[in-house]
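coordinates only, sequence not included:
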């Protein structure tokens, strides 16, 4: 395999030379450029695992234009964005980069510290480099409607459960059920690799019913064992077009002797962008039947406030893209705080998802957020592992 290269594109030649030296000390080959035209003339193909340090403010062709051109290429480097502009510009550029399908390692105000740069290079694991990840990527291209139907039929799909905790007390308050594909040859496949195929082949309703059925049965079993926490499941845009779904869920809960208050349905803002009358009909009937409704990924959709006004939500989930950056990004922190205030003003409980460290948890507590979910609390896990985790929490082992 060709050795990965660190490319540097910055109009300050002295900085380019310094970062090239650091990259070479970290074991990479390095090439520096001060003009984008020169860069694209000399670099036609990028080696797998390559990295481009890109200054956004460049003469001739700025960093945004460079991104646009990179997005049209077959093989692209991961990007480290740098700029002398404020954090808002960097944040927008990073979002644009991801929207183009480009990998972003990080974004930093200039000058990029040599120590930080070296640490980034040493810790960087190129996407697709591990054999198992390459296998999953290859498999995702081959997933078909029949293979997914077989996965459901042969019970290869499994649920993993991620806890939500009361921030004030640390006690378990809720559980989110997340679908995975336990492939017999590849291993565990995450939904990012197969949900698009599910949607394109009209299998979303079948998958949602399977997830809800399994989650309700697991919740009923845990309730019998004395584990009392609300179970949350995700429903899609297609699910809130089926007028019979409220009755079907009520029947499922009744068959399992489970009170409707133990089930929360999470709906993304994007899912609410379809037929308003039908969606509002179904969601209101969910509430009439005693189910809780959570607006998921709040703040990332197109008409957040409008949806809060129209739909009888009981819970607001602040999107992880804000929560996971709130300790390093003042704008993200302000958005999280505003979401918490808004949710409480509308008599909703507020869940922060994507909590990655103790500092973020402490900040959320000071803001009065109700519940937290994320890797700092616990990773999604099997039902058996969840029981062990909960026991360790009760014994003070978290």
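Thanks, I have the structure now. Predicted model only: the values in this text are computed from it and were never measured.

which stretches of the stretch 201-350 of the chain form strands?
Using DSSP state E, counting those that start in this stretch, the strands of the stretch 201-350 of the chain run over 230-235, 263-268, 292-298, 315-318, 349-353.

same for the first one, what does it pack against?
Under the contact criterion of 3 or more CB pairs under 8 Å, 6 or more residues apart in numbering; DSSP states H and E, the helices and strands touching strand 230-235 comprise strand 172-183, helix 204-224, strand 263-268, strand 292-298. Bear in mind the C-beta positions are built from the backbone N, C-alpha and C, glycine included.

contacting residues around it?
Strand 230-235 is contacted from outside by 164, 173-177, 208, 211-212, 215-216, 218-219, 261-268, 271, 292, 294, 296, using CB atoms under 8 Å, 6 or more residues apart in numbering.

how about the longest one?
Applying CB under 8 Å, 6+ apart, the contact partners of strand 292-298 are 230, 232, 234, 261, 263-270, 283, 286-287, 304, 307-308, 311-320, 339, 351.

so who does the residue nearest the centre of the chain touch?
By CA atoms, centre = their mean, the chain has its centre lying nearest to residue 320, at 6.4 Å. Applying CB under 8 Å, 6+ apart, one finds that residue 320 lies in contact with 297, 353-354, 374.

who's in contact with the nearest residue to residue 253 once chain neighbours are set aside?
Spatial nearest neighbour of residue 253, chain neighbours left out: residue 260 (5.4 Å); criterion: CB to CB, 6 or more residues apart in numbering. Residue 260 sits next to 250, 253, 289-291 when contact means CB under 8 Å, 6+ apart.

let's see it at 6 Å
Listed by CB atoms under 6 Å, 6 or more residues apart in numbering, the contact partners of residue 260 are 253, 289-291.

once you drop chain neighbours, what's closest to residue 311?
Nearest one to residue 311, counting by CB to CB, 6+ apart, is residue 283 at 5.4 Å.

kindly apply the preceding question to residue 100 instead.
Using CB to CB, 6+ apart, the closest residue to residue 100 is residue 71 (3.8 Å).

burial count for the one you found?
Neighbour count of residue 71, defined by other CB atoms under 10 Å: 14.

and it, how far is that from residue 355?
Between residue 71 and residue 355 the computed distance is 32 Å (CB to CB, to the nearest Å).

then residue 157?
27 Å.

the more surrounded of those two?
residue 355 (27 against 21).

what about the chain, any weak spots by pLDDT?
1-3, 122-142, 269-275, 300-304, 397-398 (pLDDT under 70).

how does it divide up, domain by domain?
5-123, 131-394 (automatic domain parsing).

any idea how far stretch 243-259 is from the chain center?
In terms of CA atoms, centre = their mean, to the nearest Å, the centre of stretch 243-259 is set 29 Å apart from its chain centre.

what's in contact with it?
Residues outside stretch 243-259 that contact it (CB under 6 Å, 6+ apart): 216, 220, 260, 285-286, 289.

please redo it, this time with the cut-off set to 10 Å
Applying CB atoms under 10 Å, 6 or more residues apart in numbering, the external contacts of stretch 243-259 come out as 205, 208-209, 212-213, 216-217, 219-221, 223-224, 231, 233, 235, 239, 242, 260-263, 265, 278, 281-291.

buried sites along it?
For stretch 243-259, a neighbour-count test (16 or more other CB atoms under 10 Å) marks 245-246, 249-250, 252-253, 258 as buried.

ok, now stretch 99-106?
Neighbour-count burial for stretch 99-106, counted by 16+ other CB under 10 Å, picks out 100, 102, 104-106.

got a markdown table for these, with secondary structure and distance to residue 189 too?
Putting those into a markdown table (DSSP: H, G, I helix; E, B strand; the rest coil; distance: CB to CB, whole Å) gives the following:
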| residue | secondary structure | distance to residue 189 |
| --- | --- | --- |
| 100 | coil | 25 |
| 102 | coil | 23 |
| 104 | strand | 24 |
| 105 | strand | 25 |
| 106 | strand | 27 |
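
closest to residue 43 among those residues?
residue 102 (15.2 Å; CB to CB).

spatially, what comes nearest to residue 112 if we skip its sequence neighbours?
residue 82 (5.0 Å).

ok, the one you found - contacts?
For residue 82, the contact set (CB under 10 Å, 6+ apart) comprises 8-10, 15, 19, 53-57, 63, 90, 106-112, 117.

now distance to residue 39 too, for the buried residues of stretch 243-259, in a markdown table please.
Below are the buried residues of stretch 243-259 laid out as a markdown table (distance: CB to CB, whole Å):
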| residue | distance to residue 39 |
| --- | --- |
| 245 | 53 |
| 246 | 57 |
| 249 | 56 |
| 250 | 61 |
| 252 | 58 |
| 253 | 60 |
| 258 | 60 |
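
on that earlier part again, residue 152: which of the helices and strands packed on strand 230-235 is closest?
helix 204-224 (5.9 Å).
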